[in-house]
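A.B. asks: Following is a predicted model, sequence given first.
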Amino acid sequence: GGVGGDGFGTASSTQLTFVKSSESNAIAPNTTTSSRNLSSATETETETDPEKISPSYADLLSRLRTVTHLNRVGAVLHYDQMVFMPSVSPRTAASRGKQMSALASVLHDRAADPALAPLFASARDELKAAGALSDGPRRLLDLAGEEFSRAVRVPAALEARRAELASAAYGAWASARERNDYAAFAPVLRDCFATAAEVA
């Protein structure tokens, strides 16, 4: 399970402890015992929640969640183009391309934000000092760090161009398929390969 359903964080053992405590109370209900168990479980969860232990980790996850939400917006726009507007006018296709390009620029600014760089190290140090650098947070920091490194290597203008080209390419491909004129798609395909080579 993720933190806030955003794919970040992991379920802690304290959550399982709380479930077990709740199940025991359901079998032998006792108001005083139930209140004590709830209080104890809440305190334990707070003590082991990496976001509550490390301000840097909490800040990092907040920023990464924003990146995730922006990625999901892009996925919705892409799905909409593929399903509801596969064959549209060049003007409409160009407009969607501009939308995708603008979103890619904003997304890149967030994903490659220089403010992220120090958070990876400080979050790791804070969690390690508190003895809370478990497998979940450690793996998240490793993977997110790799994504950040990839993002900073690609210029924002190139990301924007790639997004706009991808949108235009889909429209061109749909039009060429409809007319059975795949030669018309060849120039766009070459641009796609050239842009992909730049990104790589």
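C.D. replies: Received it, and whenever you're ready, just let me know what you need.
A.B. asks: Hmm, residue 116 is touching residue 141, no?
C.D. replies: No - the pair residue 116 / residue 141 is not scored as a contact, 11.2 Å apart, by Cβ atoms under 8 Å. For the C-beta atoms, the positions are set from N, CA and C on the backbone; glycine is no exception.
A.B. asks: shared neighbours of these two, anything?
C.D. replies: Common contacts of residue 116 and residue 141, defined by Cβ atoms under 8 Å, 6 or more residues apart in numbering, comprise residue 60.
A.B. asks: longest single helix anywhere in this structure?
C.D. replies: Taking DSSP state H as the criterion, the chain has its longest helix at helix 55-84.
A.B. asks: so what secondary structure elements neighbour that helix?
C.D. replies: The contact analysis (3 or more Cβ pairs under 8 Å, 6 or more residues apart in numbering; DSSP states H and E) places helix 55-84 against helix 50-53, helix 90-111, helix 116-129, helix 135-153, helix 156-179.
A.B. asks: Pull out the buried positions in that helix.
C.D. replies: For helix 55-84, burial by neighbour count (16 or more other Cβ atoms under 10 Å) applies to 56-61, 63-68, 70, 74, 77-78, 81.
A.B. asks: Pull the contacting residues for the closest residue to residue 176 other than its chain neighbours.
C.D. replies: In space, residue 176 comes closest to residue 185 once its chain neighbours are excluded; the distance is 4.0 Å by Cβ to Cβ, 6 or more residues apart in numbering. By Cβ under 8 Å, 6+ apart, the contact list for residue 185 reads 169, 172, 173, 176.
A.B. asks: ok, now which ones touch residue 50?
C.D. replies: Residues in contact with residue 50, defined by Cβ under 8 Å, 6+ apart, are 9, 57, 127, 132, 134, 136, 137.
A.B. asks: center of the protein - which residue?
C.D. replies: With distances taken as Cα atoms, centre = their mean, the residue of the chain nearest its centroid is residue 68 (2.7 Å).
A.B. asks: now that residue: how far from residue 107?
C.D. replies: Residue 68 is 10 Å from residue 107, where distance means Cβ to Cβ, to the nearest Å.
A.B. asks: again, but for residue 138
C.D. replies: From residue 138 to residue 107 the distance is 26 Å (Cβ to Cβ).
A.B. asks: More neighbours: which of the two?
C.D. replies: Neighbour tally, residue 138 and residue 107, criterion other Cβ atoms under 10 Å: the higher count belongs to residue 107, 22 against 14.
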